[in-house]
Every structure is written in structure tokens, then in C-alpha cells.
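Visitor: Pasting a predicted model and its sequence here:
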Amino acid sequence: MHFRGLARSACAALWLSLGLGPLACNLISADRGAGPNVLLVTIDTLRADRVGAYGARDVATPTLDGLAARGVLFEEAMASVPLTLPSHTSIMTGQYPPTHGVRHNAVFVLPNDAETIAERFSEAGYATGAVVGAAVLDSGYGLEQGFDSYDAEMAKERSTAAGFFERPANEVTDHALAWLADSKRPFFLWVHYYDVHAAHNPPEPFKTRFQTHLYDGEAAYVDQELGRLLAALEQKKLLANTIVAVTADHGEGLGEHGEESHTYFVYDSVLHVPLMLAGPGVPVGKRVKPVTPNTGIAATLLALAGLSPLHKTDVGDLAPLWREGATGTAGEAYAESLAGELDHGWAPLHAIRTDRYHYIRAPRPELYDLESDPHELKNLLPSKQAEPLEIVKSDESRIDALLADSADLKQVAVDAETRKRVEALGYVVPDGKAVKTGADPKDVYKLAGLGFDVLALSFAKRYDEAEKLALKGLELMPDSSQIHDTLARVYLETSRPALALPHAQAAARLSPGIADYRGQLAYVYLVLGDLPNAVAAFDEVLRLDPEHPGGHVGAMWRVKLGGSIAEAEEHARQALANDGNHPEFPERVGEVWEALGEYDRALAVFEQGAKDYPNYPNFHMRLAIQYARLGDEERAEAERAAAGAAGDNVNLRNRLAIAYAARRDFEHAEPIFRAILAERPEERSTKRFLARMLRETGRTSEADKLVEGVPAAAEALPPEPPTETPARG
């Protein structure tokens, strides 16, 4: 944070008295170049009808209401897709999803040759910055193109038991203000607030004030933070020369059509979003009535800033809609959801929204007359009257024309950590093609919620509940590869690999194109000691995804089947090269070297991992094990102390005790074994290894009693289960 010689005491006193905080004073001076600044704000999951300027009552959105009063409000603004990443991609490119090709969260990436408004602003000499509030918009999905700074740092821990990787609005605002403090040129800044998205837990006083409508409380909290951001710009005399655009990526079902959240439907409840602009070149107090795709924001902001348009857009400049004489212009917007198709094999949904009608292409198509039926409750198509059929014919032609040139569905592989973070936000992360059932989403959508509930329970380590719900889900959806996959995870994480096997096999069979499912099956075989099948499954992973880091880690095991160390070294190199900066993969490479008896290689990987990832404590425990094996007790105990909470990991402690015992250092080994059994009396591997040690020290009767009833097994540990998402390693 840089201070610019302001009279900070007076400034701080003023803004603290308004509850706006000292960062509001820490902005750059007004000595900037010519040309308007541009601030784009996206409020995730905000419905238009929960904003005061759109007629909502008993809400608290004074900042948005004030912005609408001093600018243009689009009464019927429509998002293009009820999913965060593809919708934001449309906002940034001016293209509908079939054109830009990003059709779902996490598994699509905007290609480098795509063009974004950030790139256009950067080319024009603007400082470009982004601050996003959730992992679903992390860098790596292509939206960072054109930004000098793309701030997507999230909390390391989940913010709720269900596992939401996000940061609150006040932190987003603080980071935005900090970025502005360092910018000396005209700026294009994108600020993304995620709080309105479920789960809803607004801070006080909003939690108490809106205790029966927490969704509105989150909106009120974000509105306050947006007010703090705008007030800071006003304080520095920057706001008058800043174009401000605010919209949402999609809305929220809130129970309409039986949908509490969003993703699988394309009704107005999840498509109708706020859209307002204010600032240089924008008239004051204007309301635009026709349907307006918020995909037109890109072209509009570039035009207002005096920059040339993007090379290819589906929706152009929206300014003609607010000019005199434009009131008769008819509006039209396209929307889609392929989530049901990609996640579960259901039918895709495509829609055309006009000023009066909303048509949804589905196995049982729907058409609603919004003049007489604004809540979309009466489908006109079963009547088969001539007028609705003509409307459908016209809308079908529009959809076909847009889809005719659609980009290929190019899904990308997802690493374990990204899958964990995005699934934790409430989204399914598909990889490959689900088995197509062609089901109409309105007939089966409730089953998708059941699958997420199973996932959330497993994240929360409520394994008994997760297992029961998963088994119930499989009674309803026996061909759900995702529930089979999650249930296999539950069984692995609760040390029941034999139960995991049939579910891992089912997931791989039902979705043969998903590398992660095949990887999980390979891991189950590995834990069960079936090395030939494990290696064959890892080979299949690499066939599906040649850069899959978990597949390369698994392929190292071929050494046990007669493969060469040189081949294993190449797979280790590939795994480390494609690890996506996730320390779990270097850890697993070292772990396999250790299991193969290549201790020098294991030690080298763990030492390098500790340097590359100083905040990842598992490497300290891994080093403690290696030093114990080498007889360096002092360094082993130092590394164990440095491991912190990782030093409590049962598997790693077990391995540490085994390393000590292998050198007949029973003085250090025995207390560790006994501490584990005090916590987990039925830990089989610990019982077996302690029994072996007891026999070697002449305590045979105690050893026999300890392992009484414990199945015989080879006295070697399987690879340690990966944390939460074993599929990729």
C-alpha cells in the first residue's frame, strides 16, 4: 500500500466517520491522463427484482438505486447463461457462449486468440486490473487476458462447512482500492462481488436486519461495499470522469419453478439481472424498456471510452437503445444452459427472450407470454394454437442460426485442487462426456441437488451421512457416474477400498471419457494391491489426457512390473511439469519414489518441494520420515516440529514410526505407534507394525493379543490417500 502525501489524518477522520475505512483515503492523485476511467462491477447471482431501482420493497440497495438515478437503467436486461464463468466470458467478449465456446464452469477455457475488452483497453494505454471474489473465476480460465493485474487470491480455508472458496465483499473492495492506489493512468477496473451467491451469511447488521431474507442481506452488504468503492473515487475527484457499469452474471431461483439456486434452468428468475450505467456520455435518469442482453456491455463500454469495437461480437453497442426515438426498438436475447447435458447427460436448453415472449427449446418445449404471465407458469405450447407455433418457428430459426457457427465443446482437464475449490462453490465439475439420457431438465433437476448434497457432506467429512444419501441417490439414479464417484471417494477416505471398487468401476464405465474417474479407479486398484490393473488404468488416464499429472504419478509404478527407472523418471518429470503449482503432485511423486525404494530421489523431491512450497507443511513431515530413515534423529524431529498440524496426520505419523522402527530405533517408534492407537484403536496397519516391533523386542504375547482378529496383510503401507479428491493422483 503506497501513501501519496495526502493529509491523511483529516481524510481518515472524515471517512471513518462515514464508516468507509482508511483505504478510501489511499487512492492515487487526480493527475491522470485524458480519457474516461471505466469501472465494471459484476455482482454474482443478483436478481433484478431484488434491487430497489427495479421496484423491490424491503431491500437496502441505495448505492445501486442512486447509480440508476444518475444514469441509465435497463429494465429487462438478460444474462446469457446461469453460470458464472461462461456468463462473465460473454460480458467480457460481447459474444454468446456458442461463439466464445465457454459453456460451463471450470472445464472450459477462453482461448488465447480470443479478444476481451481488457485487451482492448490495455492496447489503448489504460491500466487494467481485476479483483474477483470466488475461485470459479480464478486465473487460468482465460479471463485474465489483457489485465495488468488479475487478483484472484482466495482464502486457504473454506468459509463454510459446505466448502465455499470465496472472499467477502469488504476484502474485494479493499483490494480494488489498493490497486487503484498504484494506478497513474486512466484505468479499466473489473470488480466482482460473490457474496449474494449461496450460502447466505451476511455480516452484521445485515444478518439481523434481514434474518428472514438473508439473500437480501447479502445484496445490502455488497451494495454498501460498492458504495465505499464509489465514495473513494468521489473523494479523489475521479468519479465524475469514470464510466460505471454494474450488472450480474445471473440471478437465483429462490424457489421459483422448484429451483432454489441456478445452473440447470433458463427462466427469468435466473436470467433477469440488473444492468445500469452512469458517467461520461451516459444520460441521466433514463430507463430502457426493451429486452437487452448484458452481453452488450463490452461494445458499450468501448464505445463510451472512444475505442474501436471488438473484431467479433454477437451484441453491439447498447447506446442506441437510450437515445431519443429508440423507444420502439424491439428487444431480443439468447440464453442457454448446457450444464444438464455436460453434468448428467440430460438435454441441453436454449432460449430466446423477446419483449413479450420467452421460448425455451427442450424435449418438452415451453413458450410463455410475459405480458399475461410474468412468472412463467402457463406454457402456451400444449394448446397448439397457430400464433404460438409461429413464434416457436421463428425462435427455432434464430437458435439454429446462432448454433450453426458454434465453437466446438473443448473441455479441459481439471486438477484436483481446482476441482475441489470449484465443486465447493456448489457447481458440478464435469470432465469428458456424460452418458446421454436426453432427459428434460425440468423432470430430473432435483436429482442434481441430491448429488451436490452428497459432495458437500463428503467435504464436511460427514461420511456416514454422505454414504447414506449417496446410496439413496443411486436408488433413484443408478447410472449417475458422479454419485458413484463421490461414494468411491467416501469409501476411500474411510479406509474401505473394497467397497470403493465397484463404484469407481461404475463411474469409469458410465463416463468413459472422464480421466479423473479412470484415475480414481486406478488408485483404488493400487490401494487394493492390484498393481497390473492399477497401471493399466493409469495408462488409460494418460490416453484420455496425456498431461494428466496424476496419471503420470501412477504410471511410475510400472517399475514394479518390470519397467525401467528411466521411464519412471520421465513420468515424474511430466507430473512435476504439469502440476499446476499444486504441491500435492510433487508430494506424490516423492511418495512413489519412496515406495519404490528410491530414497535419494524421494528426498530430493521433498527437499525441492519444501523450497518451492514453504507454506505446505506436509513436506516437513515427508522430510522427517526421510531423515528418520537415514538415522538423522535431530533433523527428523526438527522437521516434525515444523510440520505443525500436518504432524498429526495418521498416515504420515505411521510412516515416520515405521522409518524409525526400520532402523531399530524403537525408542522413537513405539510412542508414535501407541499415540496413534490411543486415537484410533482399530487402525489396522499401526497394529500390525507395532506387533512386529513387539515381537522383535521379545514381547510376543502382547503382539499376539494386539493383532488378534486383524486380517493378515503385507507389512507395507499403500500410498497415502490424496486429500478429498483422489481421482487425480
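Guide: Great, that's in hand.
Visitor: need the next SSE after the helix or strand of the chain with the lowest mean pLDDT, C-terminal direction.
Guide: Among the helices and strands of the chain, helix 8-17 carries the lowest confidence by mean pLDDT, DSSP states H and E, at a mean of 30. Counting by DSSP states H and E, the element after helix 8-17 in chain order, helix or strand, is strand 37-43.
Visitor: And that following strand, what does it pack against?
Guide: helix 84-93, strand 187-193, helix 214-235, strand 242-247, helix 297-304 (3 or more CB pairs under 8 Å, 6 or more residues apart in numbering; DSSP states H and E). Using the backbone N, CA and C atoms, a C-beta is placed for each residue, glycine as well.
Visitor: And the second one, what's buried?
Guide: The one in question is strand 187-193. 187-193 (16 or more other CB atoms under 10 Å).
Visitor: The following helix or strand past it - what's its average pLDDT?
Guide: Helices and strands here follow DSSP H and E; after strand 187-193, the next one along the chain is helix 206-209. Mean pLDDT, helix 206-209: 94.
Visitor: repeat for stretch 101-115
Guide: Mean predicted confidence for stretch 101-115 is 88.
Visitor: right, so of the helices and strands packed on strand 37-43, which gets closest to residue 202?
Guide: With CB to CB as the criterion, residue 202 lies closest to helix 214-235 of the helices and strands packed on strand 37-43, at 3.7 Å.
Visitor: Enumerate the positions of the closest one that are buried.
Guide: Quick answer for helix 214-235 (16+ other CB under 10 Å): 214-233, 235.
Visitor: Output the contacting helices and strands for it.
Guide: Looks like helix 214-235 contacts helix 8-17, strand 37-43, helix 62-69, helix 169-181, strand 187-193, helix 206-209, strand 242-247 (3+ CB pairs under 8 Å, 6+ apart).
Visitor: All the helices of the stretch 351-500 of the chain, residue numbers only.
Guide: Remark: helices assigned in the stretch 351-500 of the chain by DSSP state H, counting those that start in this stretch are 386-404, 416-423, 441-459, 463-476, 481-493, 497-510.
Visitor: For residue 638, find the nearest of the ones you listed.
Guide: Of all these, helix 416-423 comes closest under CB to CB, at 28.1 Å.
Visitor: quick revisit: would you format the helices and strands packed on strand 37-43 as a markdown table with mean pLDDT included?
Guide: Listed next are the helices and strands packed on strand 37-43 as a markdown table, based on pLDDT from 0 to 100:
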| stretch | mean pLDDT |
| --- | --- |
| helix 84-93 | 96 |
| strand 187-193 | 97 |
| helix 214-235 | 96 |
| strand 242-247 | 98 |
| helix 297-304 | 97 |
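Visitor: out of these, which comes closest to residue 335?
Guide: helix 84-93 (9.5 Å).
Visitor: starting at the chain centroid, how far to the helix or strand just after that closest one?
Guide: On the C-terminal side of helix 84-93, the closest following helix or strand by DSSP H and E is helix 97-100. Distance, stretch centre to chain centre, for helix 97-100: 20 Å (CA atoms, centre = their mean, to the nearest Å).
Visitor: Can you tell me which helices and strands helix 97-100 packs against?
Guide: Short answer (3+ CB pairs under 8 Å, 6+ apart): helix 97-100 packs on helix 84-93, helix 386-404.
Visitor: if we can go back for a sec, so which of the helices and strands packed on helix 214-235 is nearest residue 440?
Guide: The nearest among these, by CB to CB, is strand 242-247 at 29.8 Å.
Visitor: if we can go back for a sec, using a markdown table, lay out the helices and strands packed on helix 214-235 together with distance to residue 590.
Guide: Formatted as a markdown table, the helices and strands packed on helix 214-235 follow (distance: least, CB to CB, whole Å):
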| stretch | distance to residue 590 |
| --- | --- |
| helix 8-17 | 50 |
| strand 37-43 | 41 |
| helix 62-69 | 51 |
| helix 169-181 | 35 |
| strand 187-193 | 37 |
| helix 206-209 | 45 |
| strand 242-247 | 47 |
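Visitor: can you give me the strands for the stretch 251-400 of the chain?
Guide: Counting by DSSP state E, counting those that start in this stretch, the stretch 251-400 of the chain has these strands, from start to end: 275-278, 286-293, 332-337, 349-354, 357-361, 366-369.
Visitor: Pull out the buried positions in the second one.
Guide: Going back to what we said before, that points to strand 286-293. Quick answer for strand 286-293 (16+ other CB under 10 Å): 288, 290-293.
Visitor: okay, now the closest residue to residue 293 other than its chain neighbours: neighbour count?
Guide: Using CB to CB, 6 or more residues apart in numbering and skipping the chain neighbours, the partner closest in space to residue 293 is residue 333 (4.1 Å). Counted with other CB atoms under 10 Å, the neighbours of residue 333 add up to 25.
Visitor: For the closest residue to residue 364 other than its chain neighbours, give me phi and psi.
Guide: In space, and not counting its chain neighbours, residue 364 is closest to residue 440: 5.5 Å by CB to CB, 6+ apart. Backbone torsions of residue 440, given as degrees, to the nearest 10, read phi -80, psi 120.
Visitor: How many residues are close by residue 440?
Guide: By the criterion of other CB under 10 Å, residue 440 has 17 neighbours.
Visitor: Isn't it up against residue 361?
Guide: No: look at residue 440 against residue 361 with CB atoms under 8 Å: they stay out of range, at 10.9 Å.
Visitor: which residues are common contacts for the two?
Guide: Counting by CB atoms under 8 Å, 6 or more residues apart in numbering, no residue touches both residue 440 and residue 361.
Visitor: distance of residue 108 from residue 690?
Guide: Here the criterion is CB to CB, to the nearest Å. By it, residue 108 lies 50 Å from residue 690.
Visitor: cool, residue 500 as well?
Guide: When residue 500 is compared with residue 690 (using CB to CB), they lie 26 Å apart.
Visitor: tell me the contacts of residue 402?
Guide: Applying CB under 8 Å, 6+ apart, the residues near residue 402 are 96, 98-99, 314, 334.
Visitor: at 6 Å what do you get?
Guide: 98, 334 (CB atoms under 6 Å, 6 or more residues apart in numbering).
Visitor: ditto for residue 152
Guide: Contacts of residue 152 (CB under 6 Å, 6+ apart): 132, 138-139.
Visitor: Would you mind measuring from it to residue 137?
Guide: For residue 152 relative to residue 137 (CB to CB), the value is 7 Å.
Visitor: still on that earlier bit, mind putting the helices and strands packed on strand 37-43 in TSV, distance to residue 559 included?
Guide: Output for the helices and strands packed on strand 37-43, formatted as TSV (distance: least, CB to CB, whole Å):
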stretch	distance to residue 559
helix 84-93	40
strand 187-193	47
helix 214-235	53
strand 242-247	55
helix 297-304	53
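Visitor: The ones you listed: which one's closest to residue 652?
Guide: Here helix 84-93 is closest among the helices and strands packed on strand 37-43 (CB to CB), at 35.6 Å.
Visitor: the domain parsing of the protein - what is it?
Guide: Listed domain ranges for the chain are 34-328, 609-729 (source: automatic domain parsing).
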